[in-house]
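A.B. asks: Sequence first, predicted model second:
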Amino acid sequence: MKRIKSILLIIATLVIGFVLRGCFTPQTSNSKQQTTNPKPQTATWTCSMHPQIKLPKAGKCPVCLMDLIPLESGGDEGGEREISVSPYAAKLLEIETSEVARQFMSAEVRMVGKVDYDETRVTYISAWVPGRIDRLFVDYTGIPVKKGDHLAELYSPDLLTAQEELLQAVKHNPSLIEASREKLRLWGLTAEQIAGIEQSGTPADHMTIYSPAGGIVIHKNAKEGQYVQTGTQIYTIADLSTIWIQLDAYESDLNWLRYGGQVDFTTEAYPGQSFAGTISFIDPVINSATRTAKVRVIVDNPTLALKPGMFVRAVARPKVAEGGRVMDPGLAGKWISPMHPEVIKDGPGPCDVCGMPLVTAESLGYVTDNPQNAPLVIPATAALKTGKRAVVYIEIPDQEKPTYEGREVELGVRLGNFYVVADGLEEGERVVTRGAFKLDAELQIHAKPSMMSMPSEQAADSTEPKPQTHCPVMGGEINKEVFADHNGMRIYFCCAGCDSEFKADPEKYLMQMKAEGIEPEKLEEPSE
């Protein structure tokens, strides 16, 4: 009985084993499929730090000696600077694009300065004849005066003598009357004062000094009882209805500033309130210490709110046309006074203030408001800059998968959050404004030209060997008196000591020179 049970157990075990073998044994079709799809073999090796290095087998990078990594074959799809990603990968990269377009942008020039007097509206009151000041009607600074207000009384013996001469001429010698009147007029007497002397027939022992202009008395230089000479300054009067703003502009910002341009400014005395003025002068000389130039802005101040000495913060926002030229739509076709920028007319003619002929706005550096003058601009986030180079990524249209091309462009000036494009892009193309750095990293991984790698034009030129100019050990300029010979080649160094470093591992430095396209000097074979 036990023997029969043993035989049955063996048979059951064999059956179960056969069934299990059939379940886990791969089918013939699958085996064939596996044999027809072998694991891709990598034939190219590159360096993660120097993707321009491509070698057919594993090893060390000849530049940095890092271990080479296998290069996926899929990375070579597309053009030299193109990269394709799946729609899902594009979402992960958070790629955003915007269209390259022409539009007028505004530069922003920030300056600081302070309020100052308008020098053309400052009047000095001085003594025209020697004498003694017997009375001051304006006896302290800060008093507002009007034109024609009396300021002081002056006693002058010389003035008494001149009045006597006038009266004698009236009585006995009419031919000298006009000369006597002119003498008194030059000594500061008004026509009314001279007529009063002639009518009264007696000379006035005191002369009243009247204000020739209205404004604020900002200086009082004399006292009652003080003797003065001809030319002694008595008062200084400033008309504050118009003031100047003296600003400091960096030399790099002067390109955007033009005579007649508008400047907005604020002051701490009036928070939240903005004032505006017009540029009337740009200093032609740069301060060698501060590297700034003075910019003068003329401002109307009818309420006298702005006071000389106040600190201000100013900003000019000129509109920029193609080529970096400044444009002001309000001055298109206008005529401006070269001395008084506030005088603007629709046609030629004289200035209302100084009489000088008006000039065109174009002659002062402005261009007209023509849509064709709008510059080609891209968002600043689209440009990857490394020194003088700039790379942007262009979205290639009509592709099965999102495809982008790295392109080196020439940028102009930066205007806020935009760059003016000088060359390399066309209107209507779409540039990557977000995720460009990630795309650039993908190109580096696939050993394609990128922001950090050599441009393709330079790379093509580098195929020709270059003579050695720098030491392979320290990188300094070579010294022809320090060298080492190796396998028929002469390698030069910058200083003694580098040769021993080279001899310790010559293959390392020779591979590095080869990767950089440098060919050592070959030694001449000795003649037999």
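C.D. replies: Here it is on my side, so go on.
A.B. asks: Domain parsing of this structure, as residue ranges.
C.D. replies: For the chain, the structural domains run 2-36, 82-103+375-460, 109-117+240-371, 119-238, 464-522, going by automatic domain parsing.
A.B. asks: Would you mind saying which of the ones you listed lies nearest Pro56?
C.D. replies: Pro56 lies closest to domain 82-103+375-460 among these, at 13.3 Å (C-beta to C-beta). Using the backbone N, CA and C atoms, a C-beta is placed for each residue, glycine as well.
A.B. asks: Give me the mean pLDDT for that closest one.
C.D. replies: Averaged over domain 82-103+375-460, pLDDT sits at 80.
A.B. asks: And the next helix or strand past the one helix or strand in the chain whose mean pLDDT sits lowest?
C.D. replies: Among the helices and strands of the chain, helix 28-36 carries the lowest confidence by mean pLDDT, DSSP states H and E, at a mean of 42. The helix or strand immediately downstream of helix 28-36 is strand 45-46, counting by DSSP states H and E.
A.B. asks: For that following strand, the averaged confidence score.
C.D. replies: 74.
A.B. asks: what are the pairing partners of it, and which direction each?
C.D. replies: Sheet pairing of strand 45-46 (DSSP bridges) gives strand 54-55 (antiparallel), strand 69-70 (antiparallel).
A.B. asks: Count the residues that sit near Arg430.
C.D. replies: 16 (other C-beta atoms under 10 Å).
A.B. asks: how about it, what does it touch?
C.D. replies: 97-100, 394-395, 397 (C-beta atoms under 8 Å, 6 or more residues apart in numbering).
A.B. asks: repeat for Tyr366
C.D. replies: 258, 260, 326-328, 331-332.
A.B. asks: now Val217
C.D. replies: 138, 140-145, 235-237.
A.B. asks: Kindly indicate the member of these with the most neighbours.
C.D. replies: That'd be Ile237 among those, by other C-beta under 10 Å, with 25 neighbours.
A.B. asks: Could you name the helices and strands sitting against the helix or strand harbouring that residue?
C.D. replies: Using DSSP H and E, the element containing Ile237 is strand 233-238. Contacts defined by 3 or more C-beta pairs under 8 Å, 6 or more residues apart in numbering; DSSP states H and E place strand 233-238 against strand 122-126, strand 150-155, strand 215-220.
A.B. asks: For the first one, output the C-alpha coordinates as CSV.
C.D. replies: What it means is strand 122-126. C-alpha atoms of strand 122-126 as CSV (Å, rounded to 0.1, in the frame of the first residue of the first chain):
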residue,chain,number,x,y,z
VAL,A,122,17.9,136.8,-10.5
THR,A,123,18.3,140.6,-10.2
TYR,A,124,21.1,142.4,-8.4
ILE,A,125,20.4,145.9,-7.0
SER,A,126,23.5,147.9,-6.6
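A.B. asks: ok so, going back, can you check what angle separates the strand holding Ile237 from strand 215-220?
C.D. replies: 140 degrees (axes from the mean of the first three to the mean of the last three C-alpha atoms, to 10 degrees).
A.B. asks: now strand 233-238: how far from the chain's centre is it?
C.D. replies: Here the centre of strand 233-238 is set off from its chain's centre by 43 Å, with C-alpha atoms, centre = their mean, to the nearest Å.
A.B. asks: What pairs with it, parallel or antiparallel?
C.D. replies: strand 122-126 (antiparallel), strand 215-220 (antiparallel).
A.B. asks: where's the longest one relative to the chain centroid, distance-wise?
C.D. replies: Relative to the chain's own centre, strand 215-220 is displaced by 42 Å; criterion: C-alpha atoms, centre = their mean.
A.B. asks: quick one on the thing from earlier: I'd like to know which of the strands paired with strand 45-46 has the weakest mean confidence.
C.D. replies: Among these, strand 69-70 scores lowest, with a mean of 70.
A.B. asks: what's whichever helix or strand comes after that one packed up against?
C.D. replies: Moving toward the C-terminus from strand 69-70, the next helix or strand (DSSP H and E) is strand 82-84. With contacts defined as 3+ C-beta pairs under 8 Å, 6+ apart, strand 82-84 has these neighbours: strand 403-408, helix 436-445.
A.B. asks: Give the partner strands of the shortest one in its sheet and their orientations.
C.D. replies: Looking back up the chat, that one is strand 403-408. strand 82-84 (antiparallel), strand 389-396 (antiparallel).
A.B. asks: just the angle between it and helix 436-445, please?
C.D. replies: Going by the same axes, to 10 degrees, strand 403-408 makes 90 degrees with helix 436-445.
A.B. asks: before we move on, the earlier item: so which of the contacts of Arg430 is surrounded by the most neighbours?
C.D. replies: Ile394 (23 neighbours).
A.B. asks: Wait, Val152 touches Phe137, no?
C.D. replies: Slight slip there: residue 152 is Ala, not Val. Yes. Counting by C-beta atoms under 8 Å, Ala152 does reach Phe137; the two are 6.2 Å apart.
A.B. asks: what secondary structure does Glu182 sit in?
C.D. replies: Following DSSP: H, G, I helix; E, B strand; the rest coil, we place Glu182 in the helix state.
A.B. asks: For burial, what's the neighbour tally of it?
C.D. replies: Counted with other C-beta under 10 Å, Glu182 comes out at 11.
A.B. asks: So for stretch 263-273, mean pLDDT?
C.D. replies: Here the average pLDDT along stretch 263-273 is 95.
A.B. asks: In it, which residues are buried?
C.D. replies: For stretch 263-273, the neighbour count (16 or more other C-beta atoms under 10 Å) marks 263, 265, 267 as buried.
A.B. asks: CA atoms only for it - export them in PDB, please.
C.D. replies: Extracted in PDB, the C-alpha atoms of stretch 263-273 (Å, rounded to 0.1, in the frame of the first residue of the first chain):
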ATOM      1  CA  VAL A 263      11.200 115.100 -16.900                       C
ATOM      2  CA  ASP A 264       8.900 114.200 -14.000                       C
ATOM      3  CA  PHE A 265      10.100 114.600 -10.500                       C
ATOM      4  CA  THR A 266       9.000 114.300  -6.900                       C
ATOM      5  CA  THR A 267      10.100 115.900  -3.600                       C
ATOM      6  CA  GLU A 268       9.800 114.800   0.000                       C
ATOM      7  CA  ALA A 269       8.000 118.000   0.900                       C
ATOM      8  CA  TYR A 270       5.000 116.900  -1.200                       C
ATOM      9  CA  PRO A 271       4.600 113.100  -1.000                       C
ATOM     10  CA  GLY A 272       2.400 111.700  -3.700                       C
ATOM     11  CA  GLN A 273       2.600 114.800  -5.800                       C
END
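A.B. asks: Tell me which residues are up against it.
C.D. replies: 111, 115, 245, 247, 274-279, 295, 297, 305-307, 310-317.
A.B. asks: for Leu159, phi and psi?
C.D. replies: Dihedral angles of Leu159 (phi, psi; degrees, to the nearest 10) stand at phi -70, psi -40.
A.B. asks: Identify the residues contacting it.
C.D. replies: 129, 131, 184, 187, 207.
A.B. asks: go on, Thr141?
C.D. replies: 217-220.
A.B. asks: so Ala319 touches Met327, yeah?
C.D. replies: Ala isn't right for residue 319; it's Lys. Yes. Between Lys319 and Met327 a contact is recorded at 4.8 Å, counting by C-beta under 8 Å.
A.B. asks: Can you work out which residues contact both of these two?
C.D. replies: What both Lys319 and Met327 touch, as defined by C-beta under 8 Å, 6+ apart, is the set Phe104.
A.B. asks: neighbour count winner among the two?
C.D. replies: Met327 (23 against 20).
A.B. asks: about what we covered before: out of the contacts of Arg430, give me the two with the largest separation.
C.D. replies: It's Ser98 and Pro397 that sit farthest apart of the contacts of Arg430, by C-beta to C-beta, at 14.4 Å.
A.B. asks: Fine by me, thanks again.
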